[in-house]
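Peer 1: Quick one, fold the following:
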Amino acid sequence: MDLSIIIVSYNTKELLVDCLKSIQKAFQFISAEVFVVDNNSSDRTVSLIKKKFPKIKLIANKQNLGFSKANNQAIREAQGKYILILNPDTRLMSDTIIKMIDFMQDNPQVAVSTCKVELPNGQLDRDCRRHFPTPWRAFCHFAGLSKIFATSQILDQYYYGYLPDDHQHEIDSCAGAFMMVRKSAIAEVGLFDEDFFFYGEDLDWCYRFKKAGFKIVYTPITKIIHYKGAASGMKSTSAHLTKATRESKKKAIAESIRAMELFYKKHFTSQYPFFITWLVILGIKILGQIRLLRA
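Peer 2: Numbers count the residues shown, from 1 in each chain. Have a look, this model is predicted:
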């Protein structure tokens, strides 16, 4: 089998339906399977999938297991040569799948690839190509220096702001909204780290792929549309679509902050002196409080 598409859903029923319809249109000359892992949605996602998409391989969890565990459930069952991790709040173009599979076939040294991920307003979802968040890169990003000195190779590293959107290049990390992954590489690197509940798991996975010597590439040969933040309710671009409550937004914020701290402690603590680590953790906690107050 060529491809296994895995979508983790949580209260995004309408967007999920649109996503699945776009997948159907994008299947061209390939053998594929589609998994939907539902994390105990309250919007009747499960019954709708059973009724309208009977060929979907549905895994209906009785509780919200988080993004990592839910994806891992399907990865263990997947038969495809390639695994596509895809968010439910995305829409594929008709050529997205075939072009990305062709890219992976032509570049056997690449373990993970992503296409151009656009927001509904046509702008690039900058999370689709990221450097690893070293203390310097994170400081420049959260302090706003990357915006003031946009395109600077020193100050705008976090999102590769110094490289044009239409330029194919190797990256440190892509986003879980669209990750085309070679299954043979997963066998060597392992599954998502289930200590990450929601946020950070894609970054951690990419870090492990890079550490194992694999390449990760951003290629704008095709694109998808990403209605970002529909599940968490944290993004203005999808505020009119989200069903997230105030409490679920706060939980999402708390998990995003926890993921930052977890990633740093897991991968960077041994690389920096104690004083730098202390400043980073303090900065993360302050950022978390500011975001919670805004919410």
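
Peer 1: Report how many residues lie close to Trp278.
Peer 2: Trp278: 11 surrounding residues under other CB atoms under 10 Å. In short, each C-beta sits where N, CA and C put it, glycine included.

Peer 1: beta partners of Val36?
Peer 2: Judged by DSSP bridges, the bridge partners of Val36 are Ile7, Leu58.

Peer 1: Domains in this protein, by residue range?
Peer 2: Per the record, the chain has its domains at 3-130+171-231, 245-295, by automatic domain parsing.

Peer 1: ranking those domains by mean pLDDT, which is last?
Peer 2: The minimum mean pLDDT among the domains of the chain belongs to domain 245-295 (a mean of 92).

Peer 1: all helices for the stretch 51-200 of the chain, in order.
Peer 2: Here the stretch 51-200 of the chain has its helices, by DSSP state H, counting those that start in this stretch, at 67-77, 96-106, 135-142, 145-148, 183-189.

Peer 1: The domains of the chain into TSV, with extra columns for distance to Cys140?
Peer 2: Output for those, formatted as TSV (distance: least, CB to CB, whole Å):
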stretch	distance to Cys140
domain 3-130+171-231	13
domain 245-295	12
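
Peer 1: so which of those is the most packed in?
Peer 2: Comparing the domains of the chain by mean neighbour count (mean count of other CB atoms under 10 Å), domain 3-130+171-231 ranks first with a mean of 19.

Peer 1: And the strands in this protein, which stretches?
Peer 2: In the chain, the strands defined using DSSP state E lie at 3-9, 32-39, 57-61, 82-86, 90-92, 110-118, 169-170, 178-182, 215-226.

Peer 1: Would you tell me which of these gets closest to Arg294?
Peer 2: Smallest distance to Arg294 across those (CB to CB): 22.5 Å, for strand 215-226.

Peer 1: on that earlier part again, can you put the helices of the stretch 51-200 of the chain in JSON lines and add distance to Asp127?
Peer 2: Formatted as JSON lines, the helices of the stretch 51-200 of the chain follow (distance: least, CB to CB, whole Å):
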{"stretch": "helix 67-77", "distance to Asp127": "14"}
{"stretch": "helix 96-106", "distance to Asp127": "18"}
{"stretch": "helix 135-142", "distance to Asp127": "11"}
{"stretch": "helix 145-148", "distance to Asp127": "14"}
{"stretch": "helix 183-189", "distance to Asp127": "21"}
